[in-house]
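Student: Compute the structure for the input listed below.
(2 chains)
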Number of protein chains: 2
Amino acid sequence: MRLIPLLTLSFLLFYSAVTTQASPCSINGFPLVRNISELPQDSYGRGGLSHITVAGSLLHGLKEVEVWLQTFSPGSFTPIHRHSCEEVFVVMKGSGTLYLAESSHAKYPGKPQEYLIFANSTFHIPVNEVHQVWNTNEHEDLQVLVIISRPPVKVFTYEDWLMPHTAAKLKFPYFWDEQCVQTPQKDEL
Amino acid sequence: MRLIPLLTLSFLLFYSAVTTQASPCSINGFPLVRNISELPQDSYGRGGLSHITVAGSLLHGLKEVEVWLQTFSPGSFTPIHRHSCEEVFVVMKGSGTLYLAESSHAKYPGKPQEYLIFANSTFHIPVNEVHQVWNTNEHEDLQVLVIISRPPVKVFTYEDWLMPHTAAKLKFPYFWDEQCVQTPQKDEL
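Tutor: Residues are numbered from 1 along each chain as shown, chains lettered A, B, ... in the order given. Model (predicted):
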């Protein structure tokens, strides 16, 4: 009978070692086929957002594409932003509004075009065009699968549509990449 | 009353002009937000396959990523193949088997590893690794969203897992890209 606590301890130690190996930023700690509903999800401090990195540059070693599953509760939205990569959306659930300013050649985005987005629709954002996705449906979550090229994403955010492109603020690493981007070691001298 | 046929004719002529503009290979003929269930789907001669290009290089002007929605009826499968791009799968419905030979350094793929894939799972194929996706579920369609980098895809197919890499056959443009790849004009002299 005294064997049981020992076995439990051994199991715990073994389990702990396995968990350590599969740390949130370890490329090798993930199984090849992953259950999306078991992947880490977080709001990363953004109200109404649930973000899951389905297949990622920093998490899974991808170099050319990255896939996210994002859910926006009613009334929540992305910042007004741009990035120098391609982005494709597939709307899984709900509906909302895409705001898109096709004016990267002007000094500021200007008044955006509005597009209704809906379940089973798809759209893409051309490189560097300023945009915002908003769950304008009061009754339902908006869930989108997002595909970007050139990961990890470098996002320039705008406070409003009249802010000059040159004043847009770079956020890098982006919220969900912060934990895993390797920052240079501080020189102790 | 004689005005109606004229109006009908005008409408038909106008509609015809619009349809011509939105030809299957016209980048500008598509609306920004597209209903996936209204996009063209075809088997492209492959038994049991339904392929939809959700966002494409040749169809929609993307340069860095491409997204497909593919449905495999029970028992149907992709060829054994490789491509020099990244590929991410998100399984939407059903289940099946991924065969993956992680041996691009050897002379031929060899016996592949088998992985169960299932609804709401995700996996990715590293560049140039030989693989095959098979709907091994007898009772249900397997539906996957496929994301590739570096479109349009250039596929090398194998007859079996022991075929040397150097004997794999290039298929380019791939079946769903054939209609829209611009072939060089023949010299009339």
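Student: what element comes up after the helix-or-strand element of chain A with minimal mean pLDDT heading to the C-terminus?
Tutor: When the helices and strands of chain A are compared on mean pLDDT, DSSP states H and E, helix A:3-21 comes out lowest with a mean of 44. As assigned by DSSP states H and E, the chain's next helix or strand after helix A:3-21 is strand A:34-35.
Student: For the helix or strand following that next one, name the packing helices and strands.
Tutor: Remark: after strand A:34-35, the chain's next helix or strand is strand A:49-55, criterion DSSP H and E. When contacts are defined as 3 or more Cβ pairs under 8 Å, 6 or more residues apart in numbering or on different chains; DSSP states H and E, strand A:49-55 packs onto strand A:65-72, strand B:87-93, strand B:121-125. C-beta here means a position set from N, CA and C on the backbone, and glycine is covered the same way.
Student: which neighbours does the first one have in its sheet, and in what orientation?
Tutor: Going back to what we said before, that points to strand A:65-72. strand A:49-55 (antiparallel), strand A:142-149 (antiparallel) (DSSP bridges).
Student: Please apply the same query to the shortest one.
Tutor: Using DSSP bridges, strand B:121-125 pairs in its sheet with strand A:34-35 (antiparallel), strand B:87-93 (antiparallel).
Student: closest to residue B:80 out of those strands?
Tutor: Residue B:80 sits nearest to strand B:87-93 of all the strands paired with strand B:121-125, at 14.3 Å, using Cβ to Cβ.
Student: continuing past the closest one, what's the next helix or strand?
Tutor: Counting by DSSP H and E, the next helix or strand C-terminal to strand B:87-93 is strand B:95-101.
Student: who does that following strand pair up with?
Tutor: In the sheet, strand B:95-101 lines up with strand B:113-118 (antiparallel), strand B:130-134 (antiparallel) (DSSP bridges).
Student: Go through the ones you listed and pick out the most buried.
Tutor: Most buried of those, by mean neighbour count (mean count of other Cβ atoms under 10 Å in any protein chain shown): strand B:130-134, with a mean of 22.
Student: related to what we said a few turns ago, kindly reformat the strands paired with strand A:65-72 as TSV and extend each row with mean neighbour count, mean pLDDT and distance to residue B:132.
Tutor: Conversion of the strands paired with strand A:65-72 to TSV gives the following (neighbours: other Cβ atoms under 10 Å in any protein chain shown; pLDDT from 0 to 100; distance: least, Cβ to Cβ, whole Å):
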stretch	mean neighbour count	mean pLDDT	distance to residue B:132
strand A:49-55	21	97	20
strand A:142-149	23	98	23
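Student: residues from chain A in reach of chain B?
Tutor: Neighbours of chain B within chain A, by Cβ under 8 Å from any Cβ of the partner chain: A:32-37, A:54-55, A:60, A:62-65, A:67, A:85-86, A:88, A:90, A:98, A:100, A:115-118, A:120-124, A:145, A:147-150.
Student: show me what contacts residue A:130?
Tutor: Counting by Cβ atoms under 8 Å, 6 or more residues apart in numbering or on different chains, residue A:130 touches A:80-82, A:100-101, A:103-104, A:109, A:112, A:158, A:161, A:165.
Student: at 7 Å what do you get?
Tutor: Residues in contact with residue A:130 (Cβ atoms under 7 Å, 6 or more residues apart in numbering or on different chains) are A:80-82, A:101, A:104, A:109, A:158.
Student: Most neighbours out of those residues, which is it?
Tutor: For the contacts of residue A:130, neighbours were counted using other Cβ atoms under 10 Å in any protein chain shown, and residue A:109 has the most, 27 neighbours in all.
Student: tell me the SS of that one?
Tutor: Of the three states, residue A:109 takes coil according to DSSP: H, G, I helix; E, B strand; the rest coil.
Student: so how many other residues sit close to the closest residue to residue A:72 other than its chain neighbours?
Tutor: Leaving aside its sequence neighbours, residue A:72 sits nearest to residue A:135 (Cβ to Cβ, 6 or more residues apart in numbering or on different chains; 4.0 Å). Residues within reach of residue A:135, counting by other Cβ under 10 Å, total 25.
Student: Report the separation between residue A:135 and residue A:171.
Tutor: For residue A:135, the distance to residue A:171 (Cβ to Cβ, to the nearest Å) stands at 21 Å.
Student: same check, this time on residue A:81
Tutor: Distance of residue A:81 to residue A:171, given as Cβ to Cβ: 8 Å.
Student: can you list residues touching both of these two?
Tutor: Listed as contacting both residue A:81 and residue A:171 by Cβ under 7 Å, 6+ apart are A:155, A:157.
Student: What is the burial count for residue A:78?
Tutor: Neighbours of residue A:78 under the rule other Cβ under 10 Å: 20.
Student: Would you confirm that it contacts residue A:142?
Tutor: No - with contact defined as Cβ atoms under 7 Å, residue A:78 does not reach residue A:142; the gap is 10.6 Å.
Student: Now do stretch A:146-159: distance from first to last residue.
Tutor: Distance across stretch A:146-159, first residue to last, is 23 Å (Cα to Cα, to the nearest Å).
Student: so how far is that stretch from its chain's centroid?
Tutor: 9 Å (Cα atoms, centre = their mean, to the nearest Å).
Student: Residue A:123 is in contact with residue A:90, isn't it?
Tutor: No - taking Cβ under 7 Å as the definition, residue A:123 is not a contact partner of residue A:90, at 8.9 Å.
Student: show me the contacts for the nearest residue to residue A:54 once chain neighbours are set aside.
Tutor: Counting by Cβ to Cβ, 6+ apart, the nearest residue to residue A:54 once its immediate chain neighbours are dropped is residue A:67, at 4.2 Å. Shown in contact with residue A:67 (Cβ under 7 Å, 6+ apart): A:54-55, A:145, A:147, B:88, B:90, B:147.
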